[in-house]
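*Asks:* dropping a prediction and its sequence here:
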Amino acid sequence: MLNRRHFCRASLLAGGAFALADGPLAQAAALLRAGQPLTEVASLDWLCNAVALTSDGRLFVGLPRWPGFERTPSIAEVLKDGSLKPFPGGDWNAWAPGKPSAQALVKINTIHIFDDDTLWAIDQGEDAGPKGINPAQKILQFDSRNGKLLRSITLPEHVLPAGANLNDLRLDSEHAYVTDSGLGAIIVINLRTGASLRRLADHPSTKMLPERRPFGEDGQPLLMPDGSDHQVHSDPIEISPDGKWLYYQALSGPLWRVPTAGLRDARLSEQALGAQVQFVYDTGPLTGTGIDSAGNLYLAEYDKPRVTVLAPDGTLRVVVEDPRLWNPDALFISHQRELYIPVPQSARMAANRGPGGKSALQLPFKIFKVPLPAGLGGQEKVPALTGAALSL
């Protein structure tokens, strides 16, 4: 059973957060209606679908080995002169088919940096097809200062079965929460014990609905080379500032949330957990998200060249809209309250345009940023639910 509840409307109205017509939130709304100035941060030869910054402003990029970009270094730091320094360096960045993959970046899908400045990465491993188990699929944590590997997490088959694809992750003080976009599920990993759970694998909220086909620029549907629809199940993921709610959706929407306590509770049946799932908003297709310290959700839209923001009262407004922003991806809010937007142009890739698809990519690939209005939040802290935030 799905619990359909509007996005936190009751609690926000009770607090009267939008009651002050001349307050900072009203001023922020006026700025959002006008759109924010877009600044180019980097120009890259490699396709970039994720960015992350340390507290002192070092910029890292995720460079996935998608079709046509198989020789990318996978992760790199963007230096002051715009050049790329492979991270963590050495054999990690030099993987090719046939090479060892346990200590290598095979197919990085996303990167993220949290409070402690360590860099986390999702490696989808070698593609074994929709019915196979991808070799070297893993979750990695590195010291961003020296590239030292701090943690490598592999998951058992009952948690990551054949056809599963790790997609994106978020943390609290003791757990990692990961979406599986291959089959649809939420995976919870206890970072202290290593125990892992596969949740909501049979729940409709983690599945991409066939009738909600994602259409990109010029009405181009997202298609596999054989002409079938590209099914991307549970994909973007965020945790509320208080750590109590996990937000997620399949690529094509809508947006849902579920209590993190329920996800972590191995004693709670799947049926009981499913009853705790709440409908949030009828979003369109999203390729990336972000959340700020005030609980505003930032939505990187697939079918429009823009990023919107969903306020806790359910109000949706445009942060920035620009023809250079077709298919923005994993968003990142810096300590300076700037929203970083990588633009991999995924819908323009030949591999996503069906049989005989022609590439419409416009090189080089760009990363942009926009300032956040003062009435909105800043960078969300890793919620400390049961202890201090992770530290080096």
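*Replies:* Yep, that arrived.
*Asks:* which residue ranges form the helices in this protein?
*Replies:* 9-15, 24-34, 260-264, 270-275 (DSSP state H).
*Asks:* between these, which has the poorest mean confidence score?
*Replies:* Set side by side, these give their lowest mean pLDDT on helix 9-15, at a mean of 28.
*Asks:* quick one: contacts for Leu255?
*Replies:* 7, 247-249, 279-283, 286, 297, 310 (CB atoms under 8 Å, 6 or more residues apart in numbering). Using the backbone N, CA and C atoms, a C-beta is placed for each residue, glycine as well.
*Asks:* any idea which of the residues you listed is closest to Arg151?
*Replies:* Nearest to Arg151 among the contacts of Leu255: Tyr248, at 23.0 Å, using CB to CB.
*Asks:* setting aside sequence neighbours, what's the nearest residue to the closest one?
*Replies:* Using CB to CB, 6 or more residues apart in numbering and skipping the chain neighbours, the partner closest in space to Tyr248 is Ile237 (4.8 Å).
*Asks:* quick check: which ranges of this protein have low pLDDT?
*Replies:* Within the chain, the stretches with pLDDT under 70 are 1-35, 383-392.
*Asks:* and the closest residue to Thr154 other than its chain neighbours, how many neighbours?
*Replies:* Among residues not flanking Thr154 along the chain, Lys138 sits closest, at 5.1 Å (CB to CB, 6+ apart). Using other CB atoms under 10 Å, Lys138 is surrounded by 22 other residues.
*Asks:* surely Lys138 meets Leu160?
*Replies:* No - at 9.8 Å, Lys138 and Leu160 do not qualify as touching, with contact defined as CB atoms under 8 Å.
*Asks:* quick revisit: contacts only, for the residue nearest to Thr154.
*Replies:* Lys138 makes contact with 102, 123, 125, 152-154 under the criterion CB under 8 Å, 6+ apart.
*Asks:* which among those residues gets closest to Cys48?
*Replies:* Ranked by distance to Cys48 (CB to CB), the contacts of Lys138 are led by Asp123 at 16.3 Å.
*Asks:* and the closest one, how far from Arg264?
*Replies:* Using CB to CB, to the nearest Å, Asp123 is found at 24 Å from Arg264.
*Asks:* higher neighbour count, these two?
*Replies:* Between Asp123 and Arg264, counted using other CB under 10 Å, Asp123 has the larger neighbour count: 26 against 19.
*Asks:* any idea how far Asp180 is from the residue nearest to that one when sequence neighbours are not counted?
*Replies:* Take Asp123 and drop its neighbours on the chain: the residue closest to it by CB to CB, 6+ apart is Lys138, 5.0 Å away. Between Lys138 and Asp180 the distance is 14 Å, computed by CB to CB.
*Asks:* what does Ala128 give?
*Replies:* Using CB to CB, we find Ala128 at a distance of 14 Å from Asp180.
*Asks:* could you do Pro328 as well?
*Replies:* The value you get for Pro328 to Asp180, if CB to CB is used, is 23 Å.
*Asks:* for the two, work out which one has more neighbours and name it.
*Replies:* Neighbours per residue (other CB under 10 Å) separate Pro328 from Asp180, with Pro328 holding more: 31 against 27.
*Asks:* count the neighbours of the nearest residue to the more buried one once chain neighbours are set aside for me.
*Replies:* In this structure, Pro328 finds its nearest non-sequential neighbour in Ala300, 4.0 Å apart by CB to CB, 6+ apart. Counted by other CB under 10 Å, the residues lying close to Ala300 total 26.
*Asks:* is Ala300 in contact with Pro285, as I believe?
*Replies:* No - the pair Ala300 / Pro285 is not scored as a contact, 9.9 Å apart, by CB under 8 Å.
*Asks:* based on its surroundings, how many neighbours for Ala102?
*Replies:* For Ala102, the neighbour count with other CB under 10 Å is 10.
*Asks:* for it, what are its contacts?
*Replies:* 136, 138, 152.
*Asks:* if you set the cut-off to 6 Å instead, what comes out?
*Replies:* By CB atoms under 6 Å, 6 or more residues apart in numbering, no residues touch Ala102.
*Asks:* ok, it to His112 distance?
*Replies:* Counting by CB to CB, the gap from Ala102 to His112 is 22 Å.
*Asks:* same check, this time on Gly378
*Replies:* Counting by CB to CB, the gap from Gly378 to His112 is 17 Å.
*Asks:* which one of the two is surrounded by more residues?
*Replies:* Taking neighbours as other CB under 10 Å, Gly378 and His112 compare with His112 leading, 20 against 16.
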